[in-house]
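Q: Dropping a prediction and its sequence here:
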Amino acid sequence: MSLQEIKSWWFSYFWGRLLGCWDRVYLLSLLLPLFVYNLVLKAHAAASRPGGLGLARAFRLMRSDVFFNLGYVQLWTGLFAAVRRGPLRLIVVFFFHLVTVLMALARAATYRYDRETGTTLDYDIVALWLPRFDEIKPMLKLPLPVRMLLAVALCYAALGPLLISRLAERQGWISPTEMSQTGSFLGPRRLFLQASFFGFLSLLVGRSPSGISRSFARDPIVNLIVTGVRGALTEKKASDAKHVVEHPAAGAGLVRTSCTEKRNVVLIHLESTRAQSATPYNEDLETMPFLDELSRSSLLVERAYTLVPNTLKASVAVNCGVEPLLRPAIEAKPGGIPVRGLADLLKEQGYSTVFFQSSTKNFENFGDLVRRLGYGEYYPLETMDTEGFEQSNYFGYEDDIMLGPSEEWLKEYKGKPFVAKYLTGTGHHEYLPPKRYGLKYFSEDDRLNRYLNCLRYQDFFLRNLLEQYKKLGLYEETIFVIYGDHGEGFGEHGRYVHEDNPYEESLKVPLLIHDPRRFHNGGRVEGPSNLTDILPTVWDLLGYEVRSGEYPGYSLLRPLPEDRTLMFSSFNKDKYLASMKGTEKYIHHYGNQLDEFYDLSVDPFEEHNLVDKRAEEVRGRREELLAWRSRNNAIYGSKISPPGRLPLQAHDRG
């Protein structure tokens, strides 16, 4: 069979001679590179999965992509065949280029998101961040070579098909006079049916290999559509639910007792600090030697966990003593927090309140959140002089920048009881450790090494801050609560960062209470504990009792319940729920991938999934988690707006 015969058979089989030579070349010159580009990205993402995938399993993960791309080719072929000339043809050509470029950009975004997080980019994530694009724009900086390559690709997508078609015509490879064999709409309709058939096949995703989600097995564009439709349906179902309850701690207040002491309370929020990388929890890593030394005269919680691995959610749990909303943030909005917080309640007892942070107030609406938490004064990055300080991530500077404003404020309020919170930021992605205290070598993995040096820097900040309190004579009168808001993943389970990471590297955090009047020989709480335990512990240390309210946490000064169950949730909607009973941990993935069950007493690194061996128990744990989520949704469905808020004073050194 000659080359000409093969070409004739190919076009006849797929397109039924519905297009002339010019249209075929025009379409293929853009669709063929797109087809290859899409499959190469998916193949590389599949090959990068942890543990390695064989050829057969990797192909199974690409079936949806192949079918979707075939359907996409048939769709545009049908449109070109149905609309042959006139203004409508120009509109079809314009949208052919526009949609194809947008599709290529969307695939690049999903590929990059997968590489950065180890999870898929779903519609609800796009919908959450797209209106807040200014917040994430610094994250999207691309190296100059990549930007140049992207510019070339966009230029080709806009002009390449036209130039190639004209070149082929001049070289005599195609004849502009060759037309299709039929002008009826029957041919294009057949192509539209074929496109629909391939599109339907792209939706059919069977059970993926262990550890691989259905979302990843889908074509990225298909996954965005499927998750968008599913999200719309669940939102409608949620909006139809009318059952709303008040949080048991909504009306809580404080009562003085004979043991009440008006001592200062300082919350030190260690950003993105996981327990396994902090020296008190891993003696083989000298990342935080000062924290390790401090732990020997502090109450240290050996198994402390965040509830939702996100900074805003952790701030609600710590400051308000309640479980945060199990969906993306409404905390900064009016009524977004169903109870009053630590700062609000202690202001009624004569305390001053202040909040310092080394990052911008705009990121994740933290400025509004601070107001909801009830702090009276606020010092974000915008109020600080950045000269002489290094930027540590895309939204903040090194944490020592807070020391100057802190000292000035403490001198002014010396002798009065106060609540102060310090929100560090150096540990946050993109892990740019300041060089102020030098750098150490911890790991061959550059990203992990930079992260560990960020924790080392935070340890220096912690030391400097406590030295400041000693110098000002405030140390003995102050209770220091030091905690991580969440951890970080570095590919241990194929996932990176934290927000949709259900494993110990994301959920387990350092937590210690340092009181110069107590714990001189150190103390240990075996746990398990979570961040809601901080508020009851503070009330216990200050000698207050709570009236007209009940919190879910427990004082760490007293024995924790032996049968306690800890619950966890992803930050992004419906990615996972998890629970911990004793040392047994269950993870529910909403059917997107196989659920997981681990016994951490013998499998601390969560390597051996026991879910098939514990089927009966898993069923009960799943129902328990879904009931917990329903209760949480009912509480946050209300429009409770905590009373007693004073206006926030944001100080600006103009």
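A: Yep, it's here. This structure is a prediction, so every number in the text was calculated from the model and none was measured.
Q: alpha carbons only for contacts and neighbour counts from here, please
A: Fine.
Q: Return stretch 482-499 as CSV; C-alpha atoms alone will do.
A: Taking Å, rounded to 0.1, in the frame of the first residue of the first chain, the C-alpha atoms of stretch 482-499 are listed here in CSV:
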residue,chain,number,x,y,z
ILE,A,482,4.2,27.0,71.5
TYR,A,483,2.6,25.0,68.8
GLY,A,484,2.7,24.1,65.1
ASP,A,485,-0.3,24.8,63.0
HIS,A,486,0.3,21.9,60.7
GLY,A,487,3.1,19.9,59.1
GLU,A,488,4.4,19.5,55.6
GLY,A,489,4.7,16.6,53.2
PHE,A,490,7.8,16.0,51.1
GLY,A,491,6.7,13.0,49.1
GLU,A,492,6.6,10.5,51.9
HIS,A,493,3.2,9.3,50.6
GLY,A,494,3.4,10.9,47.2
ARG,A,495,2.0,14.2,48.6
TYR,A,496,3.6,17.5,49.3
VAL,A,497,2.7,20.6,51.4
HIS,A,498,-0.2,20.1,53.8
GLU,A,499,-3.8,21.1,52.9
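Q: quick one: contacts of that stretch?
A: Contacts to stretch 482-499, defined as Cα atoms under 8 Å, 6 or more residues apart in numbering, come from residues 49-50, 116-119, 267-275, 305-306, 308-311, 314-315, 429, 448, 501, 503, 505-514, 570-572.
Q: Narrow the residues you listed to those in strands?
A: When DSSP state E is applied, the contacts of stretch 482-499 are split such that 267-270, 305, 508-509, 511-514 fall in strands.
Q: Need the single longest helix in this protein, by residues.
A: Ranked by residue count and defined by DSSP state H, the top helix of the chain is helix 87-117.
Q: helices or strands up against it?
A: Here helix 87-117 touches helix 21-47, helix 63-82, helix 144-170, helix 220-240, strand 496-497, going by 3 or more Cα pairs under 8 Å, 6 or more residues apart in numbering; DSSP states H and E.
Q: which residues of the stretch 551-654 of the chain fall in strands?
A: Remark: strands assigned in the stretch 551-654 of the chain by DSSP state E, counting those that start in this stretch are 565-569, 577-581, 584-588, 596-599, 649-650.
Q: closest to residue 578 among the ones in strands among the contacts of stretch 482-499?
A: Relative to residue 578, the closest of these is residue 305; by Cα to Cα it sits at 11.8 Å.
Q: Surely the closest one and residue 503 touch.
A: No: under the criterion of Cα atoms under 8 Å, residue 305 makes no contact with residue 503, lying 10.8 Å away.
Q: So for those two, which residue has more residues nearby?
A: Each of residue 305 and residue 503 has its neighbours counted (other Cα atoms under 10 Å); residue 305 has more, 32 against 20.
Q: The more buried one bridge partners, please.
A: residue 508, residue 530 (DSSP bridges).
Q: Next one: it relative to residue 105, how far apart?
A: Separation of residue 305 from residue 105 (Cα to Cα, to the nearest Å) stands at 37 Å.
Q: one step back: TSV please, covering the strands of the stretch 551-654 of the chain and showing distance to residue 325, mean neighbour count and mean pLDDT.
A: Below are the strands of the stretch 551-654 of the chain laid out as TSV (distance: least, Cα to Cα, whole Å; neighbours: other Cα atoms under 10 Å; pLDDT from 0 to 100):
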stretch	distance to residue 325	mean neighbour count	mean pLDDT
strand 565-569	9	21	96
strand 577-581	13	21	96
strand 584-588	18	22	95
strand 596-599	23	22	95
strand 649-650	26	15	50
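Q: What pLDDT does the model give residue 191?
A: For residue 191, the pLDDT comes out at 82.
Q: is it true that it lies in a helix?
A: Yes: applying DSSP: H, G, I helix; E, B strand; the rest coil, one finds residue 191 inside a helix.
Q: hmm, back to that, can you mark which positions in the longest helix of the chain are buried?
A: When neighbours are counted by 16 or more other Cα atoms under 10 Å, the buried residues of helix 87-117 are found to be 92, 96-97, 100-101, 103-104, 106-108, 110-112, 114-115, 117.
Q: could you list every residue that touches residue 456?
A: Residue 456 touches 286-288, counting by Cα under 8 Å, 6+ apart.
Q: Perfect, that will be all.
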